[in-house]
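J.: One predicted model, sequence on top.
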Amino acid sequence: RAAYDAAIAINPEFPDPYFNRGLLALCEGRWSEGWPDYERRWQTRQMGPFQRGFAQQQWDGADRPDQTLLLHAEQCMGDTMQFIRYAPLAAERVGRVVLECQAPVMALLTGTAGIDEFVEQGADLPAFDVHLPLLSLPGVFGTEPDTVPADIPYITAPSDRPALPDGAGFKVGLAWAGSPANPSDLRRSMDLDVLRPLLDVSRCTFYSLQHGPAGDQIDAAGLSGKLHDLRPVMSDFVAMAGLIGQLDLVISICTSVAHLSGAMGAETWVMLSADADWRWLKDRNDTPWYPTMRLFRQDTLGDWSNMAVDVISALVRRAA
């Protein structure tokens, strides 16, 4: 913190130390202090190219009962799932709420309370008066760790859902890798082989919630007899929600699977790297964002082995 303050004193126009100071404050739970600096993200080299250049002003949270608010997704689909919880609060202060979001999650979020219209990213936007990026909502509402809106579930499983393959005992879903496009993916993702001992826990049936090429690790590691690959029936996030609704537990890294499971109120364990994102705070095994979630953390950056042992021990007790 002292280094960031010193950098700001040297060059008050340079946005990066403000943004990093904000991330530090958020990570440490000093959220009221962190939100203003977090807004500097749009001036950094990483996020600046993604800032929306609307002529309309950014919403400050003021009551505008006769106006339309455009909420627009930023960053990843898991972020959209996490921060869409603020839509009902926003709807109480404006006349109408429009959400622009990523195409893969739009069908999943249809029907979310507080949203009057959905627009796919890249499509023409309807008329609106003010706008706000989704991750600016916590700051607008002055959110603190003890005031997080956590009315769970706010995403529900569809009634028409794919059938989960037969399995006895405790049904556990797994996801071990995120999108390679994420800048922090090398730190948050693991190889399936790390979880190989987990698949030997008795009284459990394991299902892979892993999308994409990382799911090929199941056959490559010779684990198809121990882990059901759900990709053939997991066509989209709606189907994934339907499958999660039939599981007893989801174990995932920090990715969209974890956010979807947490938003549904499913029992969820999240495996975090030693330098986990600010939203998970520090030195906690729970999170105010998702009451049904438990956190497991690396002791050493890049080393998943000790944490895997902790997850296995916890699953042995839970399955029993």
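T.: Arrived safely, thanks for sending.
J.: going forward, measure contacts between C-alpha atoms and count neighbours the same way
T.: Noted.
J.: Contacts for the worst-scoring helix or strand of the chain on mean pLDDT, please.
T.: Every helix and strand in the chain was compared by mean pLDDT, DSSP states H and E; the lowest is helix 185-188, with a mean of 77. Contacts of helix 185-188 from elsewhere in the structure, counted by Cα atoms under 8 Å, 6 or more residues apart in numbering, are Ala177, Gly178, Ser179, Pro180, Ile253, Cys254, Leu272, Ser273, Ala276, Leu301, Gly302.
J.: all strands in the stretch 101-250 of the chain, in order from the N-terminus.
T.: 117-120, 130-133, 170-175, 204-208, 227-229, 249-253 (DSSP state E, counting those that start in this stretch).
J.: State the mean pLDDT of the longest one.
T.: Computed over strand 170-175, the mean pLDDT rounds to 97.
J.: And for the fourth one?
T.: Per-residue confidence for strand 204-208 averages out to 97 on the pLDDT scale.
J.: now it: how far from the chain's centre is it?
T.: Relative to the chain's own centre, strand 204-208 is displaced by 22 Å; criterion: Cα atoms, centre = their mean, to the nearest Å.
J.: could you say what helices and strands it packs with?
T.: For strand 204-208, the elements it packs on are strand 170-175, strand 227-229, judged by 3 or more Cα pairs under 8 Å, 6 or more residues apart in numbering; DSSP states H and E.
J.: where's the spatially most central residue of the chain relative to His259, distance?
T.: For the chain, Gly78 is the residue whose C-alpha lies nearest the centre (Cα atoms, centre = their mean; 3.4 Å). Applying Cα to Cα, to the nearest Å, the value for Gly78 to His259 is 6 Å.
J.: same check, this time on Gly53
T.: Gly53 is 29 Å from His259, by Cα to Cα.
J.: Same check on Arg187?
T.: 18 Å.
J.: ok, those two, which is more surrounded?
T.: Remark: of Arg187 and His259, His259 carries more neighbours, 24 against 15, as counted by other Cα atoms under 10 Å.
J.: SS state for that one?
T.: Classification of His259 using DSSP: H, G, I helix; E, B strand; the rest coil returns helix.
J.: Pick out the most distant pair among the contacts of helix 185-188.
T.: Longest distance between any two of these is 19.2 Å, between Ser179 and Leu301; criterion Cα to Cα.
J.: which of these two has more neighbours?
T.: Ser179 (18 against 14).
J.: Provide a list of residues in contact with that one.
T.: Asp185.
J.: Just to check, Gln58 is in contact with His131?
T.: Yes: proximity of Gln58 to His131 meets the contact threshold set by Cα atoms under 8 Å, at 5.0 Å.
J.: quick one: which of these two has more around it?
T.: Remark: of Gln58 and His131, His131 carries more neighbours, 22 against 16, as counted by other Cα under 10 Å.
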